[in-house]
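Asks: Show me how the following folds:
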Amino acid sequence: MSTKWLKTVGATLALTVAAGTASAETLKVVTDPSFVPFEMMDAETGKMIGFDMEIIREVADRAGFEIDLNTMDFNGIIPALQSGSVDIAIAGITITDEREEIVDFSNPYYDSGLRLLVRESNDEVKEFDDLEGKKIGTKIGSTSYDYLMKNLEADDGVTPYPGSADMYMALMSGAVDAVFYDAPNVGYFARTKGEGKVKTVGPLYEGQQYGIALVEGSEWVDEVNTALASMKEDGTYKKIYEEWFGAMPDDM
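Replies: Down below sits the predicted model:
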């Protein structure tokens, strides 16, 4: 067997491998950097980390695409998908009938709901009905804002903020009496930066499910769903969940 032939075969194999690597499509993925612990910026590395970030990277590996990850305010995410400027979004996005009319969703990957957060010293607000006439912080473009608009008779005290940090700061400074937002984010803040300063009150409102959002008509929906299913089947999802939230409920 000649050396020339071996070199030719080796070169061909190298080109084949390179072509296979290059053929992996790169999709534009967007997230909201303020929805901890789902997505947040690691100050030391400058890298986005969190539950959603581990989920989307694992999904991409299994579905066979690369990701070009960018960040934006939550209220710009659905419009960005509508315009086609991004391909996929993951940011604790609640699956709703209204959103399903304009974007595609994966199967649900996280069960959530809405929760009330007040200052530790506040004994006046214990449930949703106590919000009437109060100043309430929530997030622009969120389902919590929609819920407030639909269920409060006097909604002129509702202030939508662009980021989670803004509304939590408003709560602790006394600018608002309560925050109404996604339960996991509210709970995480209460256990970390807000410990001893704020508390969650009342039950979980409006059970919700998060999904990965894709451009309407995306060819990747089935692949994303298959990846999520395989992650749950082989225990990868459980491992990621428990890293960020502790023991996973049996019904998830």
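Asks: Surely residue 202 is in a strand?
Replies: Yes - under DSSP: H, G, I helix; E, B strand; the rest coil, residue 202 falls within a strand.
Asks: can I assume it is in contact with residue 115?
Replies: Yes - Residue 202 lies in contact with residue 115 (C-beta atoms under 8 Å); the separation is 7.3 Å. Every C-beta, even on glycine, is put in place using the N, C-alpha and C of the backbone.
Asks: between the two, which one's more packed in?
Replies: The neighbour count for residue 202 versus residue 115, taken as other C-beta atoms under 10 Å, is higher for residue 115 (22 against 19).
Asks: Give me the number of neighbouring residues for residue 190.
Replies: Around residue 190 there are 20 residues (other C-beta under 10 Å).
Asks: Distance check, it against residue 168.
Replies: 10 Å (C-beta to C-beta, to the nearest Å).
Asks: and residue 231, that's in a helix?
Replies: Yes - according to three-state DSSP, residue 231 belongs to a helix.
Asks: dump the residue contacts of it.
Replies: 55, 58-59, 62, 237, 240 (C-beta atoms under 8 Å, 6 or more residues apart in numbering).
Asks: Which of those residues sits closest to residue 246?
Replies: residue 240 (12.3 Å; C-beta to C-beta).
Asks: Just the local confidence number for that closest one, please.
Replies: On the pLDDT scale, residue 240 is placed at 95.
Asks: so residue 152 makes contact with residue 145?
Replies: No - contact criterion C-beta under 8 Å: residue 152 and residue 145 do not qualify, at 10.8 Å.
Asks: shared neighbours of the two, anything?
Replies: Joint contacts of residue 152 and residue 145 (C-beta under 8 Å, 6+ apart) are residue 158.
Asks: Could I get the full set of strands for this structure?
Replies: For the chain, applying DSSP state E gives strands covering 25-31, 40-41, 48-49, 65-71, 88-89, 103-105, 110-119, 136-139, 158-161, 178-182, 198-210, 213-215.
Asks: Residues touching the third one, excluding its own?
Replies: Residues lying outside strand 48-49 but in contact with it, judged by C-beta under 8 Å, 6+ apart, are 31, 33, 39-42, 69, 71.
Asks: Identify those among the contacts of residue 231 that sit within helices.
Replies: Using DSSP state H, the subset of those located in helices is 55, 58-59, 62, 237, 240.
Asks: returning to that earlier point: find residues that contact each of residue 190 and residue 168.
Replies: With C-beta under 8 Å, 6+ apart, residue 190 and residue 168 have common neighbours 117, 198.
Asks: Only whichever of the contacts of strand 48-49 are buried, select them in PyMOL.
Replies: Buried residues among the contacts of strand 48-49 (16 or more other C-beta atoms under 10 Å), as a PyMOL selection:
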select buried, resi 31+33+39+40+69
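Asks: if we take the contacts of strand 48-49, which one ends up nearest to residue 220?
Replies: residue 69 (15.5 Å).
Asks: Tell me the confidence at the closest one?
Replies: pLDDT at residue 69 comes out at 97.
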